[in-house]
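> how would this look folded up:
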Amino acid sequence: MIDWLSELHYKYKFKPETLYVTVGIIDKFFMYNRDVKKNELQCLGVTAFHIAGKYEEIYPPDLKSIIKMTANALT
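Numbers count the residues shown, from 1 in each chain. Predicted coordinates:
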């Protein structure tokens, strides 16, 4: 999942800090909740990416464009 997120990060030319914060959010989530199903990982990654983008980017991507990044696998 982190590899996929780093590809998205590179493709959309976000700040490096956005990826670091994304991984930090995912890590904190796994500290408290270890029961994550495999099909929920992409949703977790996108959510963490969205939160990190709002925190780090001057013009964060909106949720619709992030969902497009997933090839509309999420709704």
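> Show the end-to-end separation of stretch 48-64, please.
Stretch 48-64 has an end-to-end distance of 15 Å (criterion: C-alpha to C-alpha, to the nearest Å).
> Show me the contact partners of it.
5, 8-9, 12, 14-15, 17-19, 21-23, 25-26, 29, 66 (C-beta atoms under 8 Å, 6 or more residues apart in numbering). Just so you know, the C-beta spots here come from the backbone N, C-alpha and C atoms, and that holds for glycine as well.
> For it, the averaged confidence score.
When pLDDT is averaged over stretch 48-64, the result is 87.
> sorry, back to before: quickly check the contacts of stretch 48-64 for the two that are furthest apart.
Spatially, the most separated pair among these is 12 and 29, at 22.2 Å (C-beta to C-beta).
> And the residue lying farthest from the centre of the chain, how close does it get to residue 7?
Most distant residue from the mean C-alpha position of the chain: residue 35, 18.5 Å away (C-alpha atoms, centre = their mean). For residue 35, the distance to residue 7 (C-beta to C-beta, to the nearest Å) stands at 27 Å.
> neighbours of residue 31, just the number please.
By the other C-beta atoms under 10 Å criterion, the neighbourhood of residue 31 contains 8 residues.
> what about it, which helix or strand?
Taking DSSP states H and E as the criterion, the element that holds residue 31 is helix 16-32.
> just residue 60 next, same as before
Using DSSP H and E, residue 60 sits within no helix or strand.
> The chain should start at 135 in everything you say after this.
Noted, 135 is the first residue going forward, which turns the last one into residue 194.
> What does it show for phi and psi?
When read as degrees, to the nearest 10, the backbone of residue 194 gives phi -70, psi 150.
> What does the pLDDT read for the closest residue to residue 190 other than its chain neighbours?
Here the nearest residue to residue 190 in space, its sequence neighbours aside, is residue 152; by C-beta to C-beta, 6 or more residues apart in numbering that works out to 4.4 Å. pLDDT, the model's per-residue confidence, is 92 for residue 152.
> give the contact list for residue 152.
Residue 152 is in contact with 143, 183, 186, 187, 189, 190, 191, counting by C-beta under 8 Å, 6+ apart.
> Any quick ChimeraX command for the buried ones out of these?
Buried subset of those, written as a ChimeraX selection, criterion 16 or more other C-beta atoms under 10 Å:
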select :143,183,186,187,190
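> That'll do, ta.
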